[in-house]
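In: I'll drop the sequence and a predicted model, then ask my questions.
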Amino acid sequence: MQPGAREQTIADYLAVVRRHKWVILAAVLIVPAVAYTMSAREPKVFRATAEVLLNRQDVGTTITGIPTQSTVTDPSRYALTQARLAGAPAVLEAAEERAGFRTVEGWAPDVSADPNTDILTFGVNHGDPRVATQLATAYAEAFTAYKLQTDTASLIRARQEIQGRLAELRQAGATGTETYRELVGQVSDLRTLEVLLAPATVISPADSAGQIAPTPRRDAILGLMLGLMLGVGAAFALNAFDRRIRHADDVEHELQIPLLAKLPTPRRNDAATILDRAPDETTEAVARLRTSFDFTNTDLGAKLVMVTSAGPREGKSTTITNLAIALARAGRHVVLVDLDLRRPIISRLLHLPDGRGITDLASRNAELVDTLQPVSVSPLRARVSAIGPTDTGQGRLEVVNAGRTRVDPSAFVESAGLTDALHKLRAYAEIVLVDAPPVLATGDAMALTGKVDAVLLVSRLGTLTRPTLQELARVLRRSPAPVLGLVATGAEVDEGYSVYTVDEYYAETRPQPEAKPRSRLEVPEVRSATGGSARWTPRRGG
């Protein structure tokens, strides 16, 4: 985890998945499709199996009572030994001859032993199901014949040796001796063992062959699982390389300043400011910002507040304009000063003419009264009829734009004329909000921090990077003016951001129409402050 970053939670991991859902979706769709296509193009393979029961009865031990090696061997080891024996080249050649094939290309025999039984399974894979079936049965039969031959070979050799000894005794005329009679008995016993020795038995010949390859569906399912893992891995890899800050908590933690509010980006075709907007999530967010601003500034009592950001296009000017409107609507006398001389924008946001401004006032080319442009801050359009008067007449908003006098911005912010102009504005208004340049883009903002009472920082989530945030923290620590708080714009980027909209509030608090229409006497009547009556009736259709 990066230094200064907050601890990751399950919600953060789910947010990464949602953020890169298209990468995951692409992997989930592409990998199974490729796996299915490649698998479907493979040649077909069929498999047939036959089973053989091993005979572990030792007739020699039964007759003589003397244990042999076959009777003391571990059963599982014996079965594995026989499985290895089945792979002998002689067995494979005999299987081809029994199946009626001189040579068979591409058949893949295999033998498996069940350690819990004396059964061997003979399997054959081949592209032709008929060939696979015949070879599996022939393979099992060839093994039983080969095993019987190997089991009886020692008996036959012993009997042949004894018969040769008997022939020598007959030539010597020793047929009446005890040795001759014992050897005749041994020959008889060996013949009996050869006859009684039971071979292995084919208990389940192959009758059909099933297709084992290709398996497009199974491969597609495996590809789906692989694609999901690859997609999620790619999502987290992209997130690891993504150095943008997406959580307001990260900015608050790194800068060690309070978060005053989160402001969403205005929707398309919406007004940039809240001056003429109906109540919505943006106006409510600005109202929360105004309340947080007042609470945070209670102890500090700052009258001259500079608003800045780390870089351009973070919503600094729009935020300070909306805050000024909200403070004026709350009954405050607010002066909004545009000191971002390189990119002045406040006049355009409020549709004001370009007149004399702060540069003219600081250069003594204009008086204070000539630079002030009043802005009408009519109350928000109400959703229900007002009961009393809505315009208290107490709030006032005036704007001082950049001005007409051309100056060097870097030298101007350090001039004594600007200091005098700001002192006049502080004495004139209740709150003076100064729109300053981005603090990391130029040195103007840092120079201004020595002329104001407090600093308000605006940061856009999703564009601010962690190295930029760390540099911003170092710069703000050198600021002589205290940092009042942080305003996070682009709040919809923050996966933890949620807002209870005004529409939802009114939808849940508005009474629903009755099934039966009310009579006139049942409609509640409220007296207004002017003596009239305001009758409320549920709106149909919610």
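Out: Here it is on my side, so go on. Residues are numbered from 1 along each chain as shown.

In: Centroid-wise, who is the farthest residue in this structure?
Out: Distance from the C-alpha centroid of the chain peaks at residue 173, with 98.3 Å (Cα atoms, centre = their mean).

In: Is that one in a helix, a strand, or coil?
Out: For residue 173, the assignment made with DSSP: H, G, I helix; E, B strand; the rest coil gives coil.

In: Show me how the record splits the chain into domains.
Out: 10-41+216-241, 45-213, 248-504 (automatic domain parsing).

In: Most tightly packed of the ones you listed?
Out: Of all the domains of the chain, domain 248-504 has the most neighbours on average by mean count of other Cβ atoms under 10 Å, namely a mean of 18. Any C-beta I mention is one placed from the backbone N, CA and C, and that applies to glycine too.

In: Check the offset of that one from the chain's centre.
Out: Distance of domain 248-504 from the chain centroid (Cα atoms, centre = their mean, to the nearest Å) equals 37 Å.

In: coming back round to it: just give me the lowest mean pLDDT stretch among the domains of the chain.
Out: In terms of mean pLDDT, the lowest-scoring of those is domain 45-213 (a mean of 81).

In: now the strands for the stretch 351-500 of the chain?
Out: If DSSP state E, counting those that start in this stretch is used as the criterion, the strands of the stretch 351-500 of the chain fall at 373-375, 396-400, 431-435, 454-460, 483-489.

In: do the same with the stretch 101-250 of the chain
Out: 108-113, 119-126, 201-204, 210-213.

In: can you put those in TSV and add distance to residue 242?
Out: Putting the strands of the stretch 101-250 of the chain into TSV (distance: least, Cβ to Cβ, whole Å) gives the following:
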stretch	distance to residue 242
strand 108-113	49
strand 119-126	49
strand 201-204	61
strand 210-213	42
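
In: closest one to residue 29 among these?
Out: Residue 29 sits nearest to strand 210-213 of all the strands of the stretch 101-250 of the chain, at 24.3 Å, using Cβ to Cβ.

In: now for that closest one, which elements pack on it?
Out: The contact analysis (3 or more Cβ pairs under 8 Å, 6 or more residues apart in numbering; DSSP states H and E) places strand 210-213 against strand 45-53.

In: ok, residues contacting the strand it packs on?
Out: For strand 45-53, the surrounding residues in contact (Cβ atoms under 8 Å, 6 or more residues apart in numbering) are 118-129, 132-133, 135-137, 139-140, 143-144, 200-206, 208-214.

In: just to revisit the earlier point, measure the residue farthest from the centre of the chain to residue 405 for me?
Out: For residue 173, the distance to residue 405 (Cβ to Cβ, to the nearest Å) stands at 150 Å.

In: can you check residue 439 too?
Out: Plainly put, residue 439 is 24 Å away from residue 405 if you go by Cβ to Cβ.

In: same question, residue 200
Out: 111 Å.

In: Also residue 283?
Out: Using Cβ to Cβ, we find residue 283 at a distance of 36 Å from residue 405.

In: same deal with residue 341?
Out: Counting by Cβ to Cβ, the gap from residue 341 to residue 405 is 10 Å.

In: Identify the contacts common to those two.
Out: Shared contacts of residue 341 and residue 405, defined by Cβ under 8 Å, 6+ apart, comprise residue 359.

In: Quick check: residue 462 touching residue 491?
Out: No - applying Cβ atoms under 8 Å, one finds residue 462 not in contact with residue 491, separated by 9.8 Å.

In: How about the spatially most central residue of the chain: what's its closest non-neighbour residue?
Out: For the chain, residue 17 is the residue whose C-alpha lies nearest the centre (Cα atoms, centre = their mean; 2.3 Å). Spatial nearest neighbour of residue 17, excluding adjacent residues (Cβ to Cβ, 6 or more residues apart in numbering): residue 235 at 6.1 Å.

In: so how far is residue 213 from that neighbour?
Out: Separation of residue 235 from residue 213 (Cβ to Cβ) stands at 33 Å.

In: just to revisit the earlier point, pipe the strands of the stretch 351-500 of the chain into JSON lines and attach distance to residue 475 per row.
Out: Shown next, in JSON lines, are the strands of the stretch 351-500 of the chain (distance: least, Cβ to Cβ, whole Å):
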{"stretch": "strand 373-375", "distance to residue 475": "32"}
{"stretch": "strand 396-400", "distance to residue 475": "26"}
{"stretch": "strand 431-435", "distance to residue 475": "17"}
{"stretch": "strand 454-460", "distance to residue 475": "10"}
{"stretch": "strand 483-489", "distance to residue 475": "11"}
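
In: No more questions from me, cheers.
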